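A.B. asks: Show me how the following folds:
(one chain, ligands or ions: 3)
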Amino acid sequence: MSINIKSAKEIELMRIAGRLAADVLDMIGEHVVPGVTTEELDRICHDYIVKEQDAIPAPLDYRGFPKSICTSINHQVCHGIPGRKKLKSGDIINIDITVIKNGYHGDTSKMFMVGSVSPHAKKLIEITQQAMYTGIQQVRPGARLGDIGHAIQKLAESRRYSVVREFCGHGIGKVFHEDPQILHYGKPDTGAELKPGMVFTIEPMINIGKRHVKVLADGWTAVTKDRSLSAQWEHTLAVTETGFEIFTLRDEETFE
Ligand code: MF3
Ligand code: CO
Ligand code: CO
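C.D. replies: Numbers count the residues shown, from 1 in each chain. Ligands and ions are numbered 1, 2, ... in the order given. Next up, the predicted model:
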């Protein structure tokens with residue numbers, strides 16, 4: 001495994017790409033309402049990224065993915081393909097945005113609640129966001145990848161949720177998915193050591209029920225096998241000399 005260290009110049013470009021990806025999530029929020037289709041959300045994001053941001057939606061045609069964003073509803077874990085299905089009150093949905101600007105990727109996702117959502121769904125969303133943050137808080141030079149995974153797993157399992165194993169965070173830069181893999185479970189003080197200039201995502205997927213997932217016949221959409229609700233949040237961040245810098249932070253986030 002070779003983990004690429006980004007130069008100050010590259011870090012500056014990734015800051016820009018990250019900001020754009022975060023802006024798309026801010027923009028789309030008001031459109032996530034009962035009755036809208038995920039295809040409509042895809043179209044709005046696509047046009048915003050291409051026309052307003054002069055950027056490229058990275059998922060489109062990535063390994064055959066047919067749309068510009070991923071939309072994963074309720075028991076869908078990740079990589080949901082936007083389609084004609086209408087959102088309804090009570091749904092929870094992850095929208096995952098990746099943009100390419102000046103050749104560099106910014107990758108981020110958040111959960112949205114449609115209309116009024118059950119308390120147990122809200123709790124899952126909240127704890128999953130906390131799990132991402134606790135993973136992020138492990139990041140500093142000298143820490144190891146296993147510290148990130150362990151912190152996330154410990155928090156999720158203390159609430160009797162489960163952590164999805166089949167998908168992980170990833171190094172990111174000119175390439176969408178590069179080394180290292182960032183597992184969302186693991187043992188403290190194991191795995192590669194973090195160094196300033198590494199850039200990667202942390203994007204835990206947490207289920208109310210069992211951790212097992214399967215991929216639907218469309219070849220992309222991952223769902224929980226037991227059909228229990230699943231949530232995911234994602235940020236792109238860099239290891240700095242003293243800790244971390246989140247490139248995809250939104251104004252609404254109080255963290256840091
Ligand atoms: N954005 C996803 C991630 O966080 C990857 C989506 S790949 C796609 O890594 F092809 F499904 F878009
Ligand atoms: Co990612
Ligand atoms: Co993503």
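
A.B. asks: For the rest of this, base every contact and every neighbour count on C-alpha atoms.
C.D. replies: OK.

A.B. asks: Pop out the phi and psi values for the residue nearest to residue 3 when sequence neighbours are not counted.
C.D. replies: Setting aside the residues directly before and after it, residue 3 is nearest to residue 179 in space (C-alpha to C-alpha, 6 or more residues apart in numbering), at 5.5 Å. Main-chain dihedrals, residue 179, degrees, to the nearest 10: phi -60, psi 150.

A.B. asks: Near residue 179, how many residues? Count them for me, please.
C.D. replies: For residue 179, the count of nearby residues is 17 (other C-alpha atoms under 10 Å).

A.B. asks: swap in residue 242?
C.D. replies: 10.

A.B. asks: So it sits against residue 140, correct?
C.D. replies: Yes: with contact defined as C-alpha atoms under 8 Å, residue 242 counts as touching residue 140 (6.1 Å).

A.B. asks: Return the residues of the protein in contact with ligand 3.
C.D. replies: Contact residues, the chain versus ligand 3 (C-alpha under 5 Å from the ion): 96, 107.

A.B. asks: got any ranges where the chain has weak pLDDT?
C.D. replies: 255-256 (pLDDT under 70).

A.B. asks: Mind naming the longest helix for it?
C.D. replies: helix 8-28 (DSSP state H).

A.B. asks: Strands along the stretch 151-256 of the chain, start to end?
C.D. replies: Listed in chain order, the strands of the stretch 151-256 of the chain (DSSP state E, counting those that start in this stretch) span 162-163, 169-171, 178-182, 199-202, 205-207, 213-215, 222-224, 230-232, 235-239, 244-246.

A.B. asks: Need phi/psi at the closest residue to ligand 1 within the chain.
C.D. replies: Proximity of the chain to ligand 1 (C-alpha to the nearest ligand atom) peaks at residue 59, 3.7 Å away. Taking degrees, to the nearest 10, you get phi -60, psi -30 for the backbone angles of residue 59.
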